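Chemist: Got a predicted structure here, sequence first:
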Amino acid sequence: MQARQSLADIQFLLTEVLHAPAQWQALAPFAETDAELAAQVLEEAAKFVDTAIAPLQRVGDEVGCRFDAGKVHTPPGFREAYQAFWQGGWPALACAPEDGGQGLPAVLECVLYEWLDGANHGFTMAPGLLHGAYECLKHHASDALKAQYLEKVATGEWLATMCLTEAHAGSDLGLVRTRSVPQPDGSARVNGSKIFISGGEHDLTDNIVHLVLARLPDAPAGPKGLSLFLVPKMLESGDGRRAGPPQARPAPSGGSEPHEVGSVGVPNAVVCERIEEKMGLHGSPTCVMRFDDATGWLVGEPNKGLAAMFVMMNAARLHVGLQGIGLLEAAWQKASAYAAERRQMRAPGATEPVSLIQDHPSIRRTLHTQRAWIDGGRVLAYHTALQLDIAKHSTDAAERAAAQRWCALVTPVLKAAFTDQGFQGASACLQVFGGHGYVSEWGIEQIVRDARVAMIYEGTNEIQAIDLLVRKVLADGGAGMQALLATLPATPRRNALAQTTRDLVAAVAEHADQPELPYWVADDYLRATALVLLEWAWGRITGTPGSATARWQDPAHALRTWVLPEFDMRLAIVRQRLSDAATPQEKLLSSA
């Protein structure tokens, strides 16, 4: 019952804390979407998640996916649930109406996926890449490709994958070897293997749209030589011949109205070699995929595949941050319910011989601390989703630029800090159960296992930290970060982070002979940034009428007492590294 239990909290954060309806109604595409309509959408989403998706959590983990001669069978009930999901219009929530979508604000999709992740992370991996694939195709695909594939992806009738990683390359996409050879008919032949492909093969939909990074002949070495190709699992050609580029055809009447999945032709030369045996996410097939002269089509410009793919990756990173928040919420709910029922020992100051464990200070500290991360994370994620729409649709250029700056700088923080806390916090919630948390019947250990992967994929958290500090903060001399911090209310921590940013910029310029310097401190810098943003989020919450209750004041106290003190430690690490950078001893150690 994860979604319904948090519905009132989320309505408070959206309407009272963030004033979200007023923000999205100021944008032309959402002018008619009032708070009442949004509330109805979220109420129905909560019901669907609770009744159709959450009950499949355990079977997804215990039965998992089954591989059989190149085919993948998802756990019992998954296909039926997914058919209900896409036919109910849920994948198309934030897609444009002309593409078969419902044209609603991105923040409503944000809430939906947070609930889905908390209710059944394994199931949610299937549609989790849809919106990113939709944005990628919408902005980079040819008109012919969009006519054939965009609506299918927008509505979720066909699922999509992101095929980047190869066995020898890992996160270093510059090492990708997959090749693509153009054909006279405008298609291409794609050859190569990819690993760790979520949903690379399954029985949820009749077609899968693979977006594959590959190299054209004579492409430059490294990441600048990568192109992006759409390679479907199934081709339309009825006689098995390789088809030319798909031709434009009118969209089905009725827009996003549900319709039956039909035959999509003949198999392309796309092979699933196996699925990985994983510590978690057993309901999601992680595939090794092979493309054997498979037919595909170029998306975007030659040798500029990463630019197109990053549209998808950035959308995915926000969704992965939501996974951390949703999984932590699910863990907190289990631990909170257990603590309200289980009796163990006498709490300090209690008169009864045996107390509820929620009365013990250590348990309250654990629960209130995780609550502080969840509620603050929601404010940050929902605000970021609002900024995404402002960046797209505002008529004010300065407002669009500020929104784009927020999204660029905050997305890696959300992905890294909140997936880290999703795992660490779920582990802390497991501790509330004592020995019972370590056995499977309570379900908390599954959340801990499932949550661990989010720190790894879509760019490891270390890569997110490097992206924030090296590629974004230092790249413009700290100007963007200083501008973002200037929009937040002044606090000692905000001022300290601003000064540290200036110090880092100066140190990197001064010590050009030590190129490793920013990489040593990137993780600590990101964590410090996350804490400043968390403080801002909670300032918004506690400054809102209606927050003067134990529901909000207990986690606010936990934030001040047990979360924010970490900021000083993180800054001390950064400053010590900067202080050491110029010393002979440090130079000697760096060269050793």
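Modeler: Alright, I've got the coordinates.
Chemist: and the nearest residue to residue 99 once chain neighbours are set aside, what helix or strand is that in?
Modeler: Among residues not flanking residue 99 along the chain, residue 154 sits closest, at 4.4 Å (CB to CB, 6 or more residues apart in numbering). Glycine gets a C-beta too; all of them are placed from N, C-alpha and C. Per DSSP states H and E, residue 154 falls inside helix 143-155.
Chemist: The top strand by length along the chain pairs with which strands, parallel or anti?
Modeler: Taking DSSP state E as the assignment, the strand of the chain that covers the most residues is strand 286-299. Paired strands of strand 286-299, with direction, are strand 188-198 (antiparallel), strand 226-232 (antiparallel), strand 270-275 (antiparallel) (DSSP bridges).
Chemist: most neighbours per residue, which of the ones you listed?
Modeler: strand 226-232 (a mean of 26; mean count of other CB atoms under 10 Å).
Chemist: in its sheet, what does the helix or strand following that strand sit against?
Modeler: Going down the chain from strand 226-232, the next helix or strand is strand 234-235, by DSSP H and E. Paired neighbours of strand 234-235 in the sheet (DSSP bridges): strand 266-267 (antiparallel).
Chemist: Rounded mean pLDDT for the strand it pairs with, please.
Modeler: Average pLDDT, strand 266-267: 95.
Chemist: Tell me the gap between that strand and the middle of its chain.
Modeler: How far strand 266-267 lies from its chain's middle: 32 Å, per CA atoms, centre = their mean, to the nearest Å.
Chemist: got it, and stretch 28-39?
Modeler: For stretch 28-39, the distance to the chain centre is 24 Å (CA atoms, centre = their mean).
Chemist: what helix or strand does the closest residue to residue 563 other than its chain neighbours sit in?
Modeler: Closest residue to residue 563 apart from its sequence neighbours, by CB to CB, 6+ apart: residue 372 at 5.6 Å. When elements are assigned from DSSP H and E, residue 372 belongs to helix 361-393.
Chemist: Give the other helices and strands that that helix contacts.
Modeler: Packing partners of helix 361-393 (3 or more CB pairs under 8 Å, 6 or more residues apart in numbering; DSSP states H and E): helix 2-11, helix 20-25, helix 106-119, helix 305-339, helix 397-432, helix 517-542, helix 550-558.
Chemist: Next, the buried residues of the fifth one.
Modeler: Buried residues in helix 397-432, defined by neighbour count with 16 or more other CB atoms under 10 Å: 400, 402-430, 432.
Chemist: And the residue in the chain sticking out farthest from the centre, its phi and psi?
Modeler: Distance from the centre of the chain peaks at residue 351, with 46.8 Å (CA atoms, centre = their mean). Backbone torsions of residue 351, given as degrees, to the nearest 10, read phi -100, psi -30.
Chemist: buried sites along stretch 217-225?
Modeler: 219, 225.
Chemist: any residues touching that stretch, and which ones?
Modeler: If you take CB atoms under 8 Å, 6 or more residues apart in numbering as the criterion, stretch 217-225 is touched by 173-174, 179, 181-182, 215-216, 226-227, 302-303, 306.
Chemist: how about 6 Å then?
Modeler: 173-174, 215, 303, 306 (CB atoms under 6 Å, 6 or more residues apart in numbering).
Chemist: Would you mind putting those residues into JSON lines with distance to residue 532, secondary structure and neighbour count alongside?
Modeler: Below are the contacts of stretch 217-225 laid out as JSON lines (distance: CB to CB, whole Å; DSSP: H, G, I helix; E, B strand; the rest coil; neighbours: other CB atoms under 10 Å):
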{"residue": "173", "distance to residue 532": "31", "secondary structure": "helix", "neighbour count": "17"}
{"residue": "174", "distance to residue 532": "33", "secondary structure": "helix", "neighbour count": "12"}
{"residue": "215", "distance to residue 532": "41", "secondary structure": "strand", "neighbour count": "21"}
{"residue": "303", "distance to residue 532": "39", "secondary structure": "coil", "neighbour count": "17"}
{"residue": "306", "distance to residue 532": "30", "secondary structure": "helix", "neighbour count": "20"}
